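> Sequence and predicted structure, then a few things I'm wondering about:
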Amino acid sequence: MSITFLRHLLQDPISVGAIAPSSRHLAAAMADGAANFDAIVEIGAGTGAITESLVDRHPDAELVVFELAPTLADKLRARFPAARVISGPFHENVGVLDGLPERTVLVSALPFRSLPRRVVRPTVEAFATFLRAAPERHLMQFSYSLQAPFIAPDDFEWQRVTTIWRNAPPANVWQLSCQPLGGR
Ligand SMILES: C[S@@+](CC[C@H](N)C(=O)[O-])C[C@H]1O[C@@H](n2cnc3c(N)ncnc32)[C@H](O)[C@@H]1O
C-alpha cells in the first residue's frame, strides 16, 4: 500500500472508505465499463489506480477527475496532465459537468456506505440528473458488499457486472442505468 494512501486513510477514514487502493484488476474492470465514450468523469480518484487504467485503455476520451483531498488532487494533476482535475466534494462542483458530450460515462469510487447522508443525497441527485440527460450514459461503481452501492431513484436499475476477487477486500463492480418508468 502506498504511503500516500495510508496517510489519507488515517486522516479521513470516512471519506476513503477502503483499506487499500483499488487493485489493477478492479481498475481494469471499472475501465472496461467506460469503453466507447467520448468523455469519462471519475469521482473519488484517490491515488489514481483507476485513473491510470482509464488513461491507458481510453486515451482518446476527455477525462474529468474529482478528488476531495487537495493533496491527492495535486498528485493526480502532476501524473495525468491531460486530465482536468477538480479538487473538493463532487456535489459542490457539479457545474463542471455542464457541456460534456452526450456520450459521457461516470466512474465512481466513492465509498457510499461510509459517507454521511448530507453528502450521499446531493451526490446521488447529481448522478441521477446527469444520467437522465442522455440515454447512453451510465455509472460504473464498485462496492465491497452484495448490496447495491446506494439506493437509486425508482427510474434507475443496478446491474452487478462482475466480482473482483483480486482486490482487498474483494469488490463487486456495478453499472447503474436510467430506465425511464414509462419505457418498462
Ligand atoms: C475508495 S477511495 C479511492 C480509491 C482509489 N480508486 C484508489 O485506488 O486510491 C475514495 C476516494 O474518494 C474521495 N472522496 C470521498 N468523498 C468525496 C467527494 N464527496 N467528492 C470527491 N471525492 C471524494 C476520497 O478522498 C478518496 O480518495
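That came through, no problem. Residues are numbered from 1 along each chain as shown.
> C-alpha only now, for contacts and for neighbours.
Noted.
> Quick one, grab the pLDDT at the most centrally placed residue in the chain.
Centroid-nearest residue in the chain: Ser108, 1.0 Å away (criterion: Cα atoms, centre = their mean). We have a pLDDT of 98 for Ser108.
> Let me know the distance separating it from Val16.
Separation of Ser108 from Val16 (Cα to Cα, to the nearest Å): 12 Å.
> Repeat that for Arg84.
Distance of Arg84 to Val16, given as Cα to Cα: 21 Å.
> Same question for Pro59.
Remark: distance between Pro59 and Val16 (Cα to Cα) = 27 Å.
> Could you do Leu181 as well?
Distance from Leu181 to Val16, counting by Cα to Cα: 34 Å.
> Please identify which of the two sits among more neighbours.
Val16 (25 against 9; other Cα atoms under 10 Å).
> Tell me who's in contact with the more buried one.
If a contact means Cα atoms under 8 Å, 6 or more residues apart in numbering, then Val16 has His8, Leu9, Gly46, Leu110, Pro111 as its contacts.
> Quick check, the last one in contact with Ser15.
This means Pro111. Yes. Using Cα atoms under 8 Å, Pro111 is in contact with Ser15, at 6.8 Å.
> Quickly check: stretch 79-95 near the ligand or not.
Yes. Contact of stretch 79-95 with the ligand (Cα under 6 Å from any ligand atom) involves Gly88, Pro89, Phe90.
> Please list the outside residues in contact with stretch 120-131.
Residues outside stretch 120-131 that contact it (Cα under 8 Å, 6+ apart): Phe90, His91, Val94, Leu97, Phe112, Arg137, His138, Leu139, Ala152, Pro153, Ser177, Cys178.
> Tell me which residues of it come out buried.
For stretch 120-131, burial by neighbour count (16 or more other Cα atoms under 10 Å) applies to Val120, Thr123, Val124, Ala126, Phe127, Ala128, Phe130, Leu131.
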